[in-house]
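[1] Mind looking at a prediction? Sequence and model below.
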Amino acid sequence: MRKKIVAGNWKMNLEYAEGISLFSEIVNMVKDEKKGEQIAIICAPYIHLNSLAQLGGSTVFIGAQNCHQKESGAYTGETSAKMIKSVGCEYVIIGHSERRQYFAEFDELLAEKTIIALQNGLTPLFCIGETLDERNNGSYFDVLKSQLVNGVFGLSAADFSKIVIAYEPVWAIGTGLTATSEQAQEVHAFIRKEIAEKYDQTIADDTSILYGGSCNPKNAAELFAQPDIDGGLIGGASLKSRDFVDIIKTFNS
Ligand code: 13P
(Lines give C-alpha, C1' and ligand atoms only; values in the text may rest on other atoms or scores of the structure.)
Protein backbone atom coordinates (compact mmCIF):
# COMPACT_ATOMS: atom_id res chain seq x y z
CA MET A 1 0.00 0.00 0.00
CA ARG A 2 1.34 3.40 -0.89
CA LYS A 3 1.54 5.97 1.86
CA LYS A 4 -0.38 9.24 2.05
CA ILE A 5 2.13 12.01 2.71
CA VAL A 6 1.95 15.72 3.39
CA ALA A 7 5.44 17.23 3.41
CA GLY A 8 6.24 20.87 4.13
CA ASN A 9 9.22 22.53 2.47
CA TRP A 10 10.23 25.57 4.46
CA LYS A 11 12.84 26.53 1.84
CA MET A 12 15.19 29.31 3.09
CA ASN A 13 12.79 30.72 5.65
CA LEU A 14 12.59 31.04 9.44
CA GLU A 15 15.28 31.90 11.94
CA TYR A 16 16.06 29.25 14.52
CA ALA A 17 13.57 30.35 17.20
CA GLU A 18 10.84 30.89 14.60
CA GLY A 19 11.37 27.38 13.28
CA ILE A 20 11.14 25.82 16.74
CA SER A 21 8.02 27.76 17.51
CA LEU A 22 6.23 26.91 14.23
CA PHE A 23 7.22 23.26 14.48
CA SER A 24 6.03 22.99 18.10
CA GLU A 25 2.66 24.40 17.06
CA ILE A 26 2.39 21.91 14.21
CA VAL A 27 3.29 18.93 16.42
CA ASN A 28 0.68 19.95 18.99
CA MET A 29 -2.04 20.44 16.41
CA VAL A 30 -1.23 17.25 14.51
CA LYS A 31 -1.32 15.17 17.71
CA ASP A 32 -5.04 15.85 17.99
CA GLU A 33 -5.95 15.78 14.34
CA LYS A 34 -3.84 13.20 12.64
CA LYS A 35 -5.67 9.94 12.28
CA GLY A 36 -5.25 7.13 9.86
CA GLU A 37 -2.19 6.32 7.87
CA GLN A 38 -0.95 9.62 6.55
CA ILE A 39 2.58 10.81 7.23
CA ALA A 40 3.49 14.41 8.01
CA ILE A 41 7.00 15.63 7.25
CA ILE A 42 8.73 18.98 7.63
CA CYS A 43 11.75 19.63 5.41
CA ALA A 44 13.69 22.40 7.08
CA PRO A 45 17.00 24.23 6.61
CA TYR A 46 19.97 22.35 8.09
CA ILE A 47 20.27 24.52 11.20
CA HIS A 48 16.83 23.41 12.38
CA LEU A 49 17.11 19.70 11.76
CA ASN A 50 18.68 18.48 14.98
CA SER A 51 16.24 20.32 17.25
CA LEU A 52 13.18 19.47 15.18
CA ALA A 53 14.07 15.79 15.15
CA GLN A 54 14.13 15.86 18.97
CA LEU A 55 10.74 17.59 19.12
CA GLY A 56 8.99 15.66 16.38
CA GLY A 57 8.98 12.18 17.83
CA SER A 58 6.95 9.93 15.64
CA THR A 59 4.25 12.55 15.07
CA VAL A 60 5.99 14.68 12.45
CA PHE A 61 9.02 13.37 10.61
CA ILE A 62 11.93 15.56 9.57
CA GLY A 63 13.65 15.95 6.24
CA ALA A 64 16.44 18.02 4.75
CA GLN A 65 16.08 19.98 1.51
CA ASN A 66 19.29 18.78 -0.14
CA CYS A 67 22.38 16.69 0.52
CA HIS A 68 25.81 16.39 -1.05
CA GLN A 69 26.47 13.52 -3.43
CA LYS A 70 29.66 12.33 -1.71
CA GLU A 71 29.97 10.43 1.56
CA SER A 72 32.32 12.97 3.22
CA GLY A 73 35.43 15.00 2.49
CA ALA A 74 36.80 18.40 1.51
CA TYR A 75 33.58 20.02 0.25
CA THR A 76 33.45 23.27 2.19
CA GLY A 77 29.95 24.39 3.03
CA GLU A 78 28.27 21.10 2.18
CA THR A 79 26.32 18.61 4.30
CA SER A 80 26.32 14.85 3.77
CA ALA A 81 23.44 12.40 3.87
CA LYS A 82 25.18 10.62 6.75
CA MET A 83 25.24 13.84 8.80
CA ILE A 84 21.56 14.46 8.05
CA LYS A 85 20.68 10.94 9.13
CA SER A 86 22.82 11.29 12.26
CA VAL A 87 20.53 13.98 13.73
CA GLY A 88 17.42 11.85 13.31
CA CYS A 89 16.14 12.88 9.88
CA GLU A 90 14.30 10.32 7.78
CA TYR A 91 13.79 12.21 4.51
CA VAL A 92 15.61 14.44 2.04
CA ILE A 93 14.26 16.45 -0.89
CA ILE A 94 16.34 15.83 -4.00
CA GLY A 95 16.04 17.66 -7.32
CA HIS A 96 13.76 20.50 -6.31
CA SER A 97 13.36 22.84 -9.29
CA GLU A 98 14.97 25.65 -7.29
CA ARG A 99 18.10 23.47 -6.90
CA ARG A 100 17.99 22.66 -10.61
CA GLN A 101 17.48 26.30 -11.60
CA TYR A 102 19.65 28.29 -9.16
CA PHE A 103 22.33 25.73 -8.33
CA ALA A 104 22.64 24.11 -11.76
CA GLU A 105 21.77 20.65 -10.44
CA PHE A 106 21.17 18.20 -13.26
CA ASP A 107 19.74 14.71 -13.51
CA GLU A 108 22.98 12.71 -13.30
CA LEU A 109 24.11 14.61 -10.19
CA LEU A 110 20.67 14.08 -8.67
CA ALA A 111 20.96 10.37 -9.41
CA GLU A 112 24.17 10.32 -7.32
CA LYS A 113 22.48 12.23 -4.50
CA THR A 114 19.58 9.78 -4.54
CA ILE A 115 21.93 6.82 -4.21
CA ILE A 116 23.94 8.33 -1.35
CA ALA A 117 20.72 9.27 0.47
CA LEU A 118 19.43 5.70 0.18
CA GLN A 119 22.76 4.25 1.28
CA ASN A 120 22.49 6.32 4.44
CA GLY A 121 18.93 5.29 5.24
CA LEU A 122 17.19 8.47 4.11
CA THR A 123 14.05 8.40 1.96
CA PRO A 124 14.48 10.70 -1.04
CA LEU A 125 11.55 12.90 -2.05
CA PHE A 126 12.62 13.15 -5.67
CA CYS A 127 11.18 16.16 -7.51
CA ILE A 128 10.40 16.47 -11.18
CA GLY A 129 8.50 19.16 -13.07
CA GLU A 130 8.23 21.09 -16.29
CA THR A 131 8.54 24.83 -16.95
CA LEU A 132 5.71 26.94 -18.36
CA ASP A 133 7.33 26.89 -21.82
CA GLU A 134 7.56 23.11 -21.71
CA ARG A 135 3.91 22.87 -20.69
CA ASN A 136 2.81 25.29 -23.41
CA ASN A 137 4.83 23.70 -26.21
CA GLY A 138 3.55 20.25 -25.30
CA SER A 139 6.96 18.73 -24.50
CA TYR A 140 6.18 18.18 -20.81
CA PHE A 141 5.73 14.43 -20.94
CA ASP A 142 9.15 14.09 -22.63
CA VAL A 143 10.76 16.40 -20.06
CA LEU A 144 9.25 14.51 -17.12
CA LYS A 145 10.18 11.16 -18.59
CA SER A 146 13.79 12.19 -19.08
CA GLN A 147 13.97 13.50 -15.49
CA LEU A 148 12.74 10.09 -14.32
CA VAL A 149 14.98 8.06 -16.63
CA ASN A 150 18.16 10.00 -15.85
CA GLY A 151 17.37 10.76 -12.22
CA VAL A 152 15.89 7.61 -10.69
CA PHE A 153 15.30 4.84 -13.24
CA GLY A 154 18.90 3.71 -12.81
CA LEU A 155 17.95 2.45 -9.33
CA SER A 156 17.39 -1.22 -8.66
CA ALA A 157 13.76 -2.20 -8.08
CA ALA A 158 14.50 -2.64 -4.37
CA ASP A 159 15.94 0.87 -4.12
CA PHE A 160 13.25 2.47 -6.27
CA SER A 161 10.62 1.00 -3.95
CA LYS A 162 12.03 3.16 -1.14
CA ILE A 163 11.69 6.55 -2.82
CA VAL A 164 8.85 9.06 -3.09
CA ILE A 165 8.25 11.07 -6.28
CA ALA A 166 7.02 14.67 -6.16
CA TYR A 167 5.54 16.29 -9.26
CA GLU A 168 6.05 20.02 -8.99
CA PRO A 169 5.27 21.97 -12.15
CA VAL A 170 7.72 24.90 -12.07
CA TRP A 171 5.02 27.30 -13.26
CA ALA A 172 2.88 26.45 -10.21
CA ILE A 173 5.55 26.96 -7.54
CA GLY A 174 5.06 30.09 -5.46
CA THR A 175 2.92 31.64 -8.19
CA GLY A 176 -0.57 30.94 -6.87
CA LEU A 177 -1.19 29.12 -10.17
CA THR A 178 -2.08 25.61 -9.02
CA ALA A 179 -2.29 22.87 -11.61
CA THR A 180 -5.93 21.87 -11.91
CA SER A 181 -6.72 18.51 -10.39
CA GLU A 182 -7.16 17.17 -13.97
CA GLN A 183 -3.74 18.48 -15.06
CA ALA A 184 -2.06 17.04 -11.99
CA GLN A 185 -3.89 13.70 -12.23
CA GLU A 186 -2.92 13.39 -15.92
CA VAL A 187 0.76 13.74 -15.03
CA HIS A 188 0.60 11.53 -11.94
CA ALA A 189 -1.05 8.76 -13.99
CA PHE A 190 1.69 9.19 -16.61
CA ILE A 191 4.42 8.91 -13.94
CA ARG A 192 2.81 5.77 -12.52
CA LYS A 193 2.56 4.24 -16.00
CA GLU A 194 6.25 4.98 -16.64
CA ILE A 195 7.19 3.34 -13.32
CA ALA A 196 5.08 0.28 -14.22
CA GLU A 197 6.82 0.00 -17.59
CA LYS A 198 10.30 0.40 -16.09
CA TYR A 199 9.75 -1.77 -12.99
CA ASP A 200 6.37 -3.45 -12.55
CA GLN A 201 2.76 -2.67 -11.72
CA THR A 202 3.13 -3.55 -8.03
CA ILE A 203 6.02 -1.15 -7.57
CA ALA A 204 4.10 1.53 -9.50
CA ASP A 205 1.01 0.99 -7.35
CA ASP A 206 3.08 1.21 -4.17
CA THR A 207 4.96 4.42 -5.08
CA SER A 208 3.71 7.57 -3.37
CA ILE A 209 3.51 10.44 -5.87
CA LEU A 210 3.03 13.88 -4.30
CA TYR A 211 1.82 17.06 -5.95
CA GLY A 212 3.53 20.40 -5.23
CA GLY A 213 2.86 23.93 -6.43
CA SER A 214 0.61 26.46 -4.73
CA CYS A 215 -1.18 23.70 -2.81
CA ASN A 216 -3.25 25.17 0.02
CA PRO A 217 -6.12 24.23 2.35
CA LYS A 218 -8.67 25.28 -0.29
CA ASN A 219 -7.42 23.16 -3.18
CA ALA A 220 -5.82 20.22 -1.34
CA ALA A 221 -8.98 18.14 -0.95
CA GLU A 222 -9.74 18.14 -4.66
CA LEU A 223 -6.13 17.40 -5.60
CA PHE A 224 -5.76 14.60 -3.03
CA ALA A 225 -9.03 13.02 -4.15
CA GLN A 226 -7.46 12.15 -7.50
CA PRO A 227 -6.63 8.45 -7.77
CA ASP A 228 -2.92 8.94 -8.48
CA ILE A 229 -2.21 11.86 -6.13
CA ASP A 230 -0.95 10.57 -2.78
CA GLY A 231 -0.40 13.85 -1.00
CA GLY A 232 1.48 17.10 -1.35
CA LEU A 233 4.80 18.89 -1.08
CA ILE A 234 3.83 22.22 0.38
CA GLY A 235 5.87 25.43 0.25
CA GLY A 236 4.25 28.69 1.36
CA ALA A 237 1.33 27.07 3.19
CA SER A 238 3.73 25.01 5.33
CA LEU A 239 4.93 28.23 6.97
CA LYS A 240 1.54 28.67 8.67
CA SER A 241 0.67 25.99 11.20
CA ARG A 242 -3.11 26.23 10.66
CA ASP A 243 -2.81 25.97 6.87
CA PHE A 244 -0.35 23.09 7.00
CA VAL A 245 -2.43 21.11 9.49
CA ASP A 246 -5.61 21.84 7.53
CA ILE A 247 -3.94 20.33 4.47
CA ILE A 248 -3.05 17.22 6.51
CA LYS A 249 -6.64 17.08 7.73
CA THR A 250 -8.02 16.88 4.20
CA PHE A 251 -7.09 13.19 4.26
CA ASN A 252 -9.48 12.67 7.15
CA SER A 253 -12.42 14.62 5.78
P1 13P B 1 4.53 26.59 -2.99
O2 13P B 1 3.58 25.69 -2.24
O3 13P B 1 4.93 27.81 -2.23
O4 13P B 1 4.04 26.88 -4.38
O5 13P B 1 5.90 25.74 -3.16
C6 13P B 1 5.84 24.44 -3.62
C7 13P B 1 7.18 23.86 -3.47
O8 13P B 1 8.12 24.24 -4.14
C9 13P B 1 7.36 22.78 -2.47
O10 13P B 1 8.57 22.15 -2.61
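    Received it, and whenever you're ready, just let me know what you need.
[2] dump the residue contacts of the most centrally placed residue in the chain.
    Taking CA atoms, centre = their mean, the centroid of the chain lies closest to residue 125, which sits 4.1 Å from it. Residues in contact with residue 125 (CB atoms under 8 Å, 6 or more residues apart in numbering) are 7, 41, 43, 63, 91-94, 163-164, 166, 210, 233. For the C-beta atoms, the positions are set from N, CA and C on the backbone; glycine is no exception.
[3] What distance do you get for it to residue 69?
    Separation of residue 125 from residue 69 (CB to CB, to the nearest Å): 16 Å.
[4] Now the residue in the chain positioned nearest to the ligand. Nearest residue, chain neighbours left out?
    The ligand sits closest to residue 235 of the chain, with a gap of 2.2 Å, by CB to the nearest ligand atom. Nearest residue to residue 235, sequence neighbours excluded (CB to CB, 6 or more residues apart in numbering): residue 9, at 5.3 Å.
[5] go on, residue 217?
    Residue nearest to residue 217 in three dimensions, not counting chain neighbours: residue 246, with 3.8 Å by CB to CB, 6+ apart.
[6] With residue 123 instead?
    In space, residue 123 is closest to residue 91, 5.0 Å off (CB to CB, 6+ apart).
[7] Hmm, the one you found is touching residue 60, no?
    No - using CB atoms under 8 Å as the test, residue 91 is too far from residue 60 to be in contact (11.1 Å).
[8] what residues are shared contacts of the two?
    residue 41.
[9] burial measure for residue 16, as a count.
    Here the number of neighbours of residue 16 (other CB atoms under 10 Å) works out to 11.
[10] ugh, wrong one, residue 221
    Residue 221 - counted by other CB under 10 Å - has 15 other residues nearby.
[11] Can you tell me the element it falls in?
    In this assignment (DSSP states H and E), residue 221 forms part of helix 220-224.
[12] same question, residue 48
    Short version, using DSSP H and E: residue 48 is in helix 46-56.
[13] Give me the buried positions along the helix holding residue 221.
    220, 223, 224 (16 or more other CB atoms under 10 Å).
[14] export these to CSV and tack on pLDDT?
    Listed next are those as CSV, based on pLDDT from 0 to 100:
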residue, pLDDT
220, 97
223, 96
224, 96
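[15] Next, the residues that contact the helix holding residue 221 from outside, please.
    Counting by CB under 8 Å, 6+ apart, 4, 178, 181, 184, 211, 215, 229-232, 246-247, 250-251, 253 sit against helix 220-224.
[16] What are the buried residues along the lowest-mean-pLDDT helix or strand in the chain?
    The helix or strand of the chain with the poorest confidence is helix 16-33; it has a mean of 91 (mean pLDDT, DSSP states H and E). The neighbour-count check on helix 16-33 (16+ other CB under 10 Å) flags 19, 22, 23, 26, 27, 29, 30 as buried.
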